[in-house]
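Enquirer: got a predicted structure here, sequence first:
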Protein chains: 2
Amino acid sequence: MLGVHAKNPGGPEQLELIDVAVPKPRKGEILIKVHAAALNRTDIITREGKMSYLQNPILGVEVSGTVIDSNGTNFVKDEKVAGLVNGGGYAEYAVMPAERAMRIPDSFTFEEGAAIPEVFLTAYQTLFWHGRLQRRESVLIHAGGSGVGTAAIQLAKQITGAKVMTTAGSKEKLAVCKELGADVLINYKEESFDHEVLKATENQGANVILDFIGAKYWEMNTKSISQEGRWVLIGTLGGSTVEKMNLMTLMSKCVQITGTLLTPRSDQYKADLTKEFMDVAMPLFKQNKIKPIIDRAFSFQDVQKAHQHMEDNKNIGKIILTWD
Amino acid sequence: MLGVHAKNPGGPEQLELIDVAVPKPRKGEILIKVHAAALNRTDIITREGKMSYLQNPILGVEVSGTVIDSNGTNFVKDEKVAGLVNGGGYAEYAVMPAERAMRIPDSFTFEEGAAIPEVFLTAYQTLFWHGRLQRRESVLIHAGGSGVGTAAIQLAKQITGAKVMTTAGSKEKLAVCKELGADVLINYKEESFDHEVLKATENQGANVILDFIGAKYWEMNTKSISQEGRWVLIGTLGGSTVEKMNLMTLMSKCVQITGTLLTPRSDQYKADLTKEFMDVAMPLFKQNKIKPIIDRAFSFQDVQKAHQHMEDNKNIGKIILTWD
């Protein structure tokens, strides 16, 4: 079968399709014919050789497709599923722990299926498990036009009804955020988001912050967070070294900061998260209250272009790869 | 009645006894004849004019004494209680929300009663509410000879049986820590604690860290904490500005950092904490499995000496003030 690896650690030009053996499912795993895979920032870090969680030389952590070998689990052949894989997603076939496979509605395309797992599970764990977002609270979602951002806006609004404040760098992205349910739209290129957050919350600050940015926004996030706020750090697009962090503010505001990535979490964690997500959020997809957001689909032949598109940071929603 | 205030923001020499009116309990509050009050670092910060949570000019956040006016609550006159007050503890009489008053065993002295609330409630909230310490896990407790340290060692051991690792700066302090149940004793003046923690946990690191130190130990704590570890920041004895904080480590280890102080928490929080503590931990006092640790008692007349003694950092356990 064909799969994508990086010849050497480096840029998108390092990616190439190679011929590899079809993987064999182990106990508890199913074999999937991959119809679509989605891009993630973790794929870029893996391509650059900066991440060592995944043993599989084939990139890709989420796919959508049909079950080929249910391997004694409670799935049946040809069922339509999507889910997280431990690497190996950019390929014609992939193995997936059955506990992570999500049955997707028949009405969904494979592109839509592949656009669900990583961003919606990440948004779910950060908003509700780490952020403990409650009704009548407020949440600041940075990078509102990103994959996780678009998922988080919808989940926060539909599940809790909390006040959703979001930042993005263009009118187009903010228009999408609004359509998805965001209440307060902040163009970070034109406004100082900490002022806007304090204004929108009567100086209380945001109860939860989803932070993809890190160092560059540290000081402003510190000002934006409420007493007893939960600050969930899931990216460092704005740098990973904070110069001069004031611990006294964290203590006097009783702030909780949680660093988290989904990929390095244990199999059990991912299985528990998938199960809760299927119970709580999947019905909302079926009722058309939330939807996967797709920016663009590329052919696997154009995987280099797809990675470049993500690095250009212009996408709104997920970037998808499909087999022709 | 007599009470202690600070003439001006400054050192222990600013403290003096003055004559003030006996406070009046409001709805839900009881009036207590104070027999003993305990010192807290928050009293030093208040004396220095660096803390603005407390409106009361009279210092002191925890007392032990007898109920003088139960004010319609379910306490009765002359009951022996201890608990947190919103300032005003360094006085002959103090008011206390009834939801925070803990009945103490008759066998306890008032000095012992006053040595319980702040340190044991702080240790309880940090270990179990924020740290979520579990059986078969490990905890690193810095400043093992301090008030919160001695309380935390006992609670961690008696309630979870977790592996308790502790740091202190003298043989005498470490001997007390051992007697209280600590498994791994680290003299931070002679050993590098991160190496000792990794050695004692087969390179897994501590699942929970109680950090009173802040900046000075930041890097070593980062190395000492486990994957998915909970790091609870409750003091900055080693400085409050971290020069360079690496966010990537927090994310890849999925670490949770919680800054917390007990004093600024809401009345409801303190009431909930007190209730759970009474249910879970108070029986252990009655069974002599845990005990309040008293360093020394001073007369209220010697309040300046008592504050100096705390600032000299030589105490093992709580420093108490009593009325002659």
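Expert: Everything's here; your move.

Enquirer: let me see the contact set for A:Pro292.
Expert: Shown in contact with A:Pro292 (CB atoms under 8 Å, 6 or more residues apart in numbering or on different chains): A:Phe108, A:Glu112, A:Gly113, A:Ala115, A:Ile116, A:Phe120, A:Ala151, A:Phe285, A:Gly317, A:Lys318. Bear in mind the C-beta positions are built from the backbone N, C-alpha and C, glycine included.

Enquirer: okay, and which of those residues map to strands?
Expert: A:Lys318 (DSSP state E).

Enquirer: by pLDDT, give me the weakest of the contacts of A:Pro292.
Expert: Least confident of the contacts of A:Pro292 in the model: A:Gly317, at 87.

Enquirer: A:Val255 versus the residue lying closest to that residue once chain neighbours are set aside, what's the distance?
Expert: Spatially, and ignoring its direct neighbours in sequence, A:Gly317 is nearest to A:Ile293 (3.1 Å; CB to CB, 6 or more residues apart in numbering or on different chains). Going from A:Ile293 to A:Val255 by CB to CB, to the nearest Å gives 30 Å.

Enquirer: do A:Asp211 as well
Expert: As for A:Asp211, its distance to A:Val255 is 12 Å (criterion: CB to CB).

Enquirer: mind checking which of the two has more residues around it?
Expert: For the pair A:Asp211 and A:Val255, the greater number of neighbours falls to A:Asp211 (27 against 24), based on other CB atoms under 10 Å in any protein chain shown.

Enquirer: I figured the more buried one hits A:Tyr217, correct?
Expert: Yes: applying CB atoms under 8 Å, one finds A:Asp211 in contact with A:Tyr217, separated by 6.8 Å.

Enquirer: what is in contact with the two at once?
Expert: By CB under 8 Å, 6+ apart, A:Asp211 and A:Tyr217 have these common neighbours: A:His142.

Enquirer: who in chain A is up against chain B?
Expert: A:130, A:214-215, A:227, A:233-236, A:240-261, A:264-265 (CB under 8 Å from any CB of the partner chain).

Enquirer: what subset of these is buried?
Expert: A:130, A:214-215, A:233-236, A:240, A:242, A:245-248, A:250-261, A:264-265 (16 or more other CB atoms under 10 Å in any protein chain shown).

Enquirer: ok, what's across the strand from A:Val139?
Expert: Beta-bridge pairing of A:Val139 under DSSP bridges involves A:Val164, A:Val208.

Enquirer: who touches it in this structure?
Expert: Neighbours of A:Val139 in contact, by CB under 8 Å, 6+ apart: A:127, A:131, A:133, A:152, A:156, A:162-165, A:206-210.

Enquirer: nearest to chain B, of those residues?
Expert: Among the contacts of A:Val139, A:Gly131 lies closest to chain B (CB to the nearest CB), at 11.6 Å.

Enquirer: which residues of the stretch 201-324 of chain A score low on pLDDT?
Expert: By pLDDT under 70, the stretch 201-324 of chain A has no low-scoring segment.

Enquirer: one more pass at 90, please.
Expert: Filtered on pLDDT under 90, the stretch 201-324 of chain A yields the residue ranges A:235, A:237, A:261-267, A:313-317, A:324.

Enquirer: hey, where'd the strands end up in it?
Expert: Listed in chain order, the strands of the stretch 201-324 of chain A (DSSP state E, counting those that start in this stretch) span residues A:206-211, A:225-233, A:241-246, A:256-259, A:294-299, A:318-322.

Enquirer: follow-up on the earlier one: contacts only, for the residue nearest to A:Gly317.
Expert: A:Ile293 neighbours (CB under 8 Å, 6+ apart): A:Ala115, A:Gly147, A:Thr150, A:Ala151, A:Val176, A:Leu180, A:Ile316, A:Gly317, A:Lys318.

Enquirer: now render those as JSON lines, adding neighbour count.
Expert: Output for the contacts of A:Ile293, formatted as JSON lines (neighbours: other CB atoms under 10 Å in any protein chain shown):
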{"residue": "A:Ala115", "neighbour count": "30"}
{"residue": "A:Gly147", "neighbour count": "28"}
{"residue": "A:Thr150", "neighbour count": "33"}
{"residue": "A:Ala151", "neighbour count": "30"}
{"residue": "A:Val176", "neighbour count": "21"}
{"residue": "A:Leu180", "neighbour count": "25"}
{"residue": "A:Ile316", "neighbour count": "21"}
{"residue": "A:Gly317", "neighbour count": "23"}
{"residue": "A:Lys318", "neighbour count": "29"}
